[in-house]
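K.L.:
dropping the sequence and predicted coords here.
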Amino acid sequence: LTRHRRITVVIDLTPVRDDTAPARLLDMVEGRSKHAFKTWLAARPQEWRANVEVVAMDGFTGFKTATTEELPDATPVLDPFHVVRLAGDALDRTRQRVQQDTLGHRGHAGDPLYGVRRTLHTGASFLTEKQTARLDAVFAVEEHVEVEATWGIYQRIVAAYREPDKKKAKEMMRSVIDSVSSGVPAMLAEIRRLGRTLKQRAADVLAF
């Protein structure tokens with residue numbers, strides 16, 4: 001379930017879960033509000049609604065509320081793609097802010113932080129020696145410590161989703177949420193913002 005412009009796209013992920021076929025498009029609903037999704041759900045047959053076990057969604061709280069009201073027995077889950085995207089957005093904003101603070105302009109070719117903007121989003125276990133060396137050089141600069149801290153949180157979230165042991169993965173994710181939910185220095189504004197979101201939606205994140 002995701003919002004695109006002013007359209008709510010509803011997809012059946014059952015075939016993916018059962019490993020029988022690709023996901024199946026159910027509908028494209030005009031609007032991206034709680035009302036739009038709630039109205040669509042209310043129009044489904046009661047038997048259909050009773051059989052819905054899980055609703056995966058992005059971070060829009062309207063979807064969560066509509067799900068809770070119309071599908072009270074279903075488990076809402078914040079989709080991993082969107083959780084990683086939230087962390088990635090925090091990483092990008094931190095990099096851009098530090099870039100502006102240290103060099104006084106947006107990223108240009110040749111700027112160290114700008115040069116690793118894509119590498120920062122690569123999972124740590126997939127980094128080449130060259131990429132690792134470039135990141136080490138960037139993180140060695142004292143003024144880049146906030147980028148390194150945010151990168152660390154991003155990597156921990158990615159690692160939790162890649163962990164095959166679901167119990168261990170849940171512990172890893174819970175640890176990340178706890179660490180960003182309180183006690184984060186004020187200068188790490190992007191992590192604090194991410195922490196507020198993850199704390200608010202912790203149950204939906206961990207449900208995965």
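P.N.:
Sure thing, it's come through.

K.L.:
for this structure, longest helix please?
P.N.:
The single longest helix within the chain, with elements called by DSSP state H, is helix 80-103.

K.L.:
walking through the chain, point out its strands one by one.
P.N.:
Taking DSSP state E, the strands of the chain run over residues 2-4, 7-12, 24-30, 54-57, 75-78.

K.L.:
contacts for the longest one, please.
P.N.:
Right, the one you point to is strand 24-30. Identification of contacts with strand 24-30 by Cβ atoms under 8 Å, 6 or more residues apart in numbering yields 6-12, 14-15, 36-37, 40. Where you see a C-beta, it was placed from the backbone N, CA and C, and this is true even at glycine.

K.L.:
now a PyMOL select for only the buried ones of those residues.
P.N.:
Those of the contacts of strand 24-30 that meet the burial criterion (16 or more other Cβ atoms under 10 Å) are gathered into one PyMOL selection, given here:
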select buried, resi 8+10+11+36+37+40
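
K.L.:
quick check, central residue of this structure?
P.N.:
Ranked by distance to the mean C-alpha position of the chain (Cα atoms, centre = their mean), the top residue is Val83 at 1.4 Å.

K.L.:
for it, give me its contacts.
P.N.:
157, 161, 198, 205.

K.L.:
repeat that for 10 Å
P.N.:
58-59, 77, 157-158, 160-161, 173, 176, 194, 197-198, 201, 204-205, 208 (Cβ atoms under 10 Å, 6 or more residues apart in numbering).

K.L.:
ok, now Leu198?
P.N.:
Each residue near Leu198 by Cβ under 10 Å, 6+ apart is listed here: 59, 78, 83, 86-87, 153, 157, 173, 176-181, 204-206.

K.L.:
switch to 7 Å and redo it
P.N.:
Each residue near Leu198 by Cβ atoms under 7 Å, 6 or more residues apart in numbering is listed here: 177, 180-181, 205.

K.L.:
tell me the mean pLDDT for stretch 12-28?
P.N.:
Stretch 12-28 shows a mean pLDDT of 93 in the predicted model.

K.L.:
quick check: end-to-end length of that stretch?
P.N.:
As for stretch 12-28, its first-to-last residue distance stands at 12 Å under the measure Cα to Cα, to the nearest Å.

K.L.:
and if you look at stretch 110-119?
P.N.:
Across its full length, stretch 110-119 reaches 15 Å end to end, with Cα to Cα as the criterion.

K.L.:
with that, I have no additional questions.
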